[in-house]
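Chemist: sequence? don't have it. structure:
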């Protein structure tokens, strides 16, 4: 498929060349008046219409809405407010539940220096996770495809998914105030109550959800193996983040499972439910649910 940016210079060059030929012929005719005209007057040349710039963003997909932008901004401001308030000083919840003890005994690293190393690894994979969808927005879409519509929509969905997952993570840590497994909350000691649920795992999994949702519906890399590989790479990064948080004894297993699950859900659901689920054979709508006597609202759709 030829893009406008490449086609326009070629058409301009062609038009310039044809006009140059016409001017040269006219000049020759004027210098040699006895010579008969070579051909009858031709109608003006009509250049073909420039094709519309193609976009990988399908026409049936709703573009990023003003309402989504407002919700994203609201979630971001609420997150900033929670950060300014600061963490809860005394725990409301402490100790393991379910299989937390068994997993901690099996995965936690005993050497304190080794725990610091695993914590550093998890910090790096956590920081790396947003880079993958950001590269899709600013490098692959904006520079590689030169697709403005795709760039704006991918960027909007990225901000929206991260704002929701980040806000829910901060709300959870404030409400639960669960003591981290390594933290000692005895009198006079600093008590870390930001355990449930794992923020690192949430952010890493959000990036994985975005990559999987986008690359399974848009050929951003133009190759099925590469596009599926992007989803696999982001998911592996999220898994490494989750496991290293357990190795470093920063979280219980239930913290990590909750964070990873909810993070991936936000990253995957925002683009799929709000955008990719629309089309000629796809519908999605909120409607009264007959299963509860019409007294509740259900989400119904065809995919």
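Modeler: Received, thanks. Keep in mind it's a predicted model, so treat the numbers as computed, not measured.

Chemist: neighbours of residue 126, how many?
Modeler: Using other CB atoms under 10 Å, residue 126 has 23 other residues around it. Every C-beta, even on glycine, is put in place using the N, C-alpha and C of the backbone.

Chemist: just the element for the spatially closest residue to it that is not a sequence neighbour, please.
Modeler: In space, and not counting its chain neighbours, residue 126 is closest to residue 200: 4.3 Å by CB to CB, 6 or more residues apart in numbering. In the assignment (DSSP states H and E), residue 200 maps to helix 199-215.

Chemist: other SSEs contacting that helix?
Modeler: helix 112-128, helix 131-135, helix 148-176, helix 224-247, helix 253-271 (3 or more CB pairs under 8 Å, 6 or more residues apart in numbering; DSSP states H and E).

Chemist: okay, these in JSON lines with distance to residue 87 next?
Modeler: Listed next are the helices and strands packed on helix 199-215 as JSON lines, based on distance: least, CB to CB, whole Å:
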{"stretch": "helix 112-128", "distance to residue 87": "18"}
{"stretch": "helix 131-135", "distance to residue 87": "27"}
{"stretch": "helix 148-176", "distance to residue 87": "7"}
{"stretch": "helix 224-247", "distance to residue 87": "17"}
{"stretch": "helix 253-271", "distance to residue 87": "15"}
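
Chemist: out of those, deepest packed?
Modeler: Greatest average neighbour count among the helices and strands packed on helix 199-215 goes to helix 253-271 (a mean of 24), per mean count of other CB atoms under 10 Å.

Chemist: give me the distance from that helix to the chain's centre.
Modeler: Computed by CA atoms, centre = their mean, to the nearest Å, the chain-centroid distance of helix 253-271 equals 14 Å.

Chemist: what's the answer for stretch 248-262, then?
Modeler: 22 Å.

Chemist: pLDDT of it, averaged?
Modeler: Mean per-residue pLDDT for stretch 248-262: 97.

Chemist: contact partners of it?
Modeler: For stretch 248-262, the surrounding residues in contact (CB atoms under 8 Å, 6 or more residues apart in numbering) are 96-100, 103-104, 107-109, 115-116, 118-119, 122, 165, 168-169, 172, 178, 180-182, 195-202, 204-205, 238, 242, 245-246.

Chemist: kindly recompute the last result at 6 Å.
Modeler: Stretch 248-262 is contacted from outside by 96, 100, 103, 108, 115, 118-119, 181-182, 195-198, 201-202, 205, 242, 245-246, using CB atoms under 6 Å, 6 or more residues apart in numbering.

Chemist: what do you get for stretch 128-145?
Modeler: With CB under 6 Å, 6+ apart, stretch 128-145 has contacts from 147, 150-151, 154-155, 158, 203-204, 207, 210-211, 220, 234, 237.

Chemist: could you list the domains of this protein?
Modeler: For the chain, automatic domain parsing gives the domain ranges 1-54, 69-298.

Chemist: average pLDDT for the first one?
Modeler: Per-region confidence: domain 1-54 scores 42 on mean pLDDT.

Chemist: and the residue nearest to residue 126, how far from residue 243?
Modeler: According to CB to CB, to the nearest Å, residue 200 and residue 243 sit 11 Å apart.

Chemist: where does the prediction get shaky in the stretch 201-303 of the chain?
Modeler: 280-303 (pLDDT under 70).

Chemist: again, 50 this time
Modeler: Counting by pLDDT under 50, the ranges of the stretch 201-303 of the chain that qualify are 286, 303.

Chemist: just the buried residues of the host helix or strand of residue 82, please?
Modeler: Residue 82 belongs to helix 66-85 when elements are defined using DSSP H and E. Neighbour counts over helix 66-85 (16 or more other CB atoms under 10 Å) mark 68, 72, 75-76, 79, 82 as buried.

Chemist: between the domains of the chain, which gets nearest to residue 61?
Modeler: Minimum separation from residue 61 across those (CB to CB) falls at domain 69-298, 5.0 Å.

Chemist: from the chain's centre, how far out does that closest one sit?
Modeler: The answer for domain 69-298 is 11 Å, by CA atoms, centre = their mean.

Chemist: which of the contacts of stretch 128-145 lies closest to residue 279?
Modeler: Nearest member of the contacts of stretch 128-145 to residue 279, counting by CB to CB, is residue 150, at 16.7 Å.
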